[in-house]
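> Sequence first, predicted model second:
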Amino acid sequence: KNEVEQSPQNLTAQEGEFITINCSYSVGISALHWLQQHPGGGIVSLFMLSSGKKKHGRLIATINIQEKHSSLHITASHPRDSAVYICAVHRGAQKLVFGQGTRLTINP
Amino acid sequence: KAGVTQTPRYLIKTRGQQVTLSCSPISGHRSVSWYQQTPGQGLQFLFEYFSETQRNKGNFPGRFSGRQFSNSRSEMNVSTLELGDSALYLCATKGEETQYFGPGTRLLVL
């Protein structure tokens, strides 16, 4: 079993829909990242969380440390949100352990 | 501030050769981590350097090595390349609130 599990693996939705991507982890962590990767490979860090909730524009990330679970929400989704979203957890100082990613496609 | 830069961006090598990849972190960032991304295994941690010292290492064979210079630039080296080493190699530096990733070096081993 992977230390970090994401669901769903693939998600297709229509423009404007509310999107939720889930991440569960089985180990102790110091922080959790949500990353976005567009075709071509570049990765952008969207959020780093150690507790609670963060919001940036249409993106919201939450984490429940007790339940070892985090969610990434996208409100009013847009085709430019199409990307792979990756959950990663900090184990130790700098070691990141990654989920397998969720491929999101938003159709116009 | 300039972002994290990696060179080269693309590389084609043959089995048995060795390769050196370079990463220049954001000015002032002293920590550099390296990751390998493949379709089968996803993203995996290779190693992390801080102030010229390797601070953490992932589960990769000894053919994968790295170093960091006094200006925080880092290199990783893969010797005796295998077909399975074909991957996107990413480096990242750590800011206060986030990680900053470079664009990656795409290595193809033939």
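Arrived safely. Numbering: from 1, shown residues only, chains lettered A, B, ... in the order given.

> Show me the strands paired with the lengthiest strand in chain A, marking each as parallel or antiparallel.
Determined from DSSP state E, the single longest strand within chain A is strand A:83-91. Strand pairing for strand A:83-91, determined by DSSP bridges: strand A:31-37 (antiparallel), strand A:95-98 (antiparallel), strand A:102-107 (antiparallel).

> can you list the weak-confidence ranges in the chain?
This is for chain A. Applying pLDDT under 70 to chain A picks out residues A:1, A:92-94.

> my bad, chain B
By pLDDT under 70, the low-scoring segments of chain B are B:1.

> where along it do the strands fall?
B:5-7, B:10-13, B:19-24, B:31-38, B:42-50, B:53-57, B:64-68, B:74-78, B:87-94, B:99-101, B:105-109.

> among those, which is the most enclosed?
Of the strands of chain B, the one with the most neighbours on average (mean count of other CB atoms under 10 Å in any protein chain shown) is strand B:87-94, at a mean of 24. Where you see a C-beta, it was placed from the backbone N, CA and C, and this is true even at glycine.

> Can you confirm whether that one lies near chain A?
Yes: interface with chain A: strand B:87-94 contributes B:88, B:90, B:92, B:94 (CB under 8 Å from any CB of the partner chain).

> Out of those, which is nearest to chain A?
Of all the residues of strand B:87-94 next to chain A, chain A sits closest to residue B:88, with 5.2 Å by CB to the nearest CB.

> quick one: terminal-to-terminal distance for stretch B:72-82?
Using CA to CA, to the nearest Å, the end-to-end distance of stretch B:72-82 comes to 29 Å.

> ok, and what's touching it?
Stretch B:72-82 is contacted from outside by B:13-25, B:29-30, B:32, B:34, B:46-47, B:49, B:63-69, B:85, B:89, B:91, B:107, B:109, using CB atoms under 8 Å, 6 or more residues apart in numbering or on different chains.

> From the chain's centroid, how far away is that stretch?
Here stretch B:72-82 is found 7 Å from its chain centre; the criterion is CA atoms, centre = their mean, to the nearest Å.

> in stretch A:38-51, what counts as buried?
Using 16 or more other CB atoms under 10 Å in any protein chain shown as the test for burial, stretch A:38-51 gives A:41, A:43, A:45-49.

> how close does residue A:3 get to chain B?
Distance of residue A:3 to chain B, given as CB to the nearest CB, to the nearest Å: 12 Å.

> Pull the number of nearby residues for that residue.
Residue A:3 has 14 neighbouring residues, counting by other CB atoms under 10 Å in any protein chain shown.

> OK, contacts around it?
Neighbouring residues of residue A:3 by CB under 8 Å, 6+ apart: A:25-27, A:89, A:91, A:97.

> What residues does chain A have near chain B?
Listed as neighbours of chain B in chain A under the rule CB under 8 Å from any CB: A:33, A:35, A:41-45, A:47-48, A:86, A:88, A:92-101.

> returning to what we had before: what comes into contact with the longest strand of chain A?
For strand A:83-91, contacts defined as CB under 8 Å, 6+ apart pick out A:3-4, A:6, A:21, A:23, A:25, A:27-39, A:43, A:46, A:70, A:72, A:96-99, A:101-104, B:43.

> With that, I have no additional questions.
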